[in-house]
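> got a sequence here, can you build the structure:
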Amino acid sequence: MKRFTFITLFLAALTLLASNARAAVIDDSLTCSESAHDFISGLITQNLIDPKPMKVESNSINAFWPAHGQHMTAYGFSVFAVVGFQKDDPLFKTGNGKPIAPSAYGAVVVGTQAKVQAALTAAGNNAIVHHAGPLLTAIFCQQD
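Numbering: from 1, shown residues only. You can find the predicted model right below:
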């Protein structure tokens, strides 16, 4: 029984390492140098996210799940979801409140705010880092 447990854990670890090796790295897209349309449409084109938002917030932020079987990382952190909105763009749905900005986008990653901020600072990125939930942090670009 111990041998079976060890083999199972070993195979699970190998699977996790293999999936991380195939992860799409989206660091360059989170440097706040493109529009929300370009960011989200690029991820849709690469089949990295589902094209329909899973949720639309009142401030019009659209949240998209990673596509089935896809894994993305941002600055070494696993991406939980990506978010975006661009005014007057049919790619995005509008919420029932005031939009957050004419164009805004980002990624929600699994990691503490302090660790994510440290990784972005080390990379020279000054995107907004915002606590999004227990062990979830948003890396956010907003263009006025």
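
> tell me the bridge partners for the residue nearest the centre of the chain.
The centroid of the chain falls nearest to Ala107 when counting by Cα atoms, centre = their mean (2.8 Å). Ala107 has these beta-bridge partners by DSSP bridges: Val82, Ile139.

> OK, contacts around it?
For Ala107, the contacting residues are Ile26, Leu30, Met72, Ala74, Val79, Phe80, Ala81, Val82, Val83, Ala138, Ile139, by Cβ atoms under 8 Å, 6 or more residues apart in numbering. The C-beta positions use only the backbone N, C-alpha and C, and glycine is treated the same way.

> now swap in Asn59 and tell me
Contacts of Asn59 by Cβ under 8 Å, 6+ apart are Phe85, Gly95, Gly97, Lys98, Pro99, Ile100.

> what residues sit buried inside stretch 122-135?
Asn125, Ala127, Val129, Ala132 (16 or more other Cβ atoms under 10 Å).

> same thing with stretch 24-41?
Quick answer for stretch 24-41 (16+ other Cβ under 10 Å): 24, 26-27, 29-30, 32, 34-37, 39-41.

> and for stretch 105-114?
Buried, per 16+ other Cβ under 10 Å, within stretch 105-114: Tyr105, Gly106, Ala107, Val108, Val109, Gly111.

> would you turn those residues into TSV with distance to Asp89?
Formatted as TSV, the buried residues of stretch 105-114 follow (distance: Cβ to Cβ, whole Å):
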residue	distance to Asp89
Tyr105	11
Gly106	16
Ala107	19
Val108	20
Val109	24
Gly111	29
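
> widest-spaced pair of those residues?
Tyr105 and Gly111 (18.5 Å; Cβ to Cβ).

> strands of this protein, start to end?
Remark: strands assigned in the chain by DSSP state E are 24-25, 55-56, 62-64, 72-74, 77-86, 103-110, 128-133, 136-143.

> helices and strands around the second one, which ones?
Pointing back at strand 55-56 there. strand 62-64 (3 or more Cβ pairs under 8 Å, 6 or more residues apart in numbering; DSSP states H and E).

> please consider this matter closed, and thank you.
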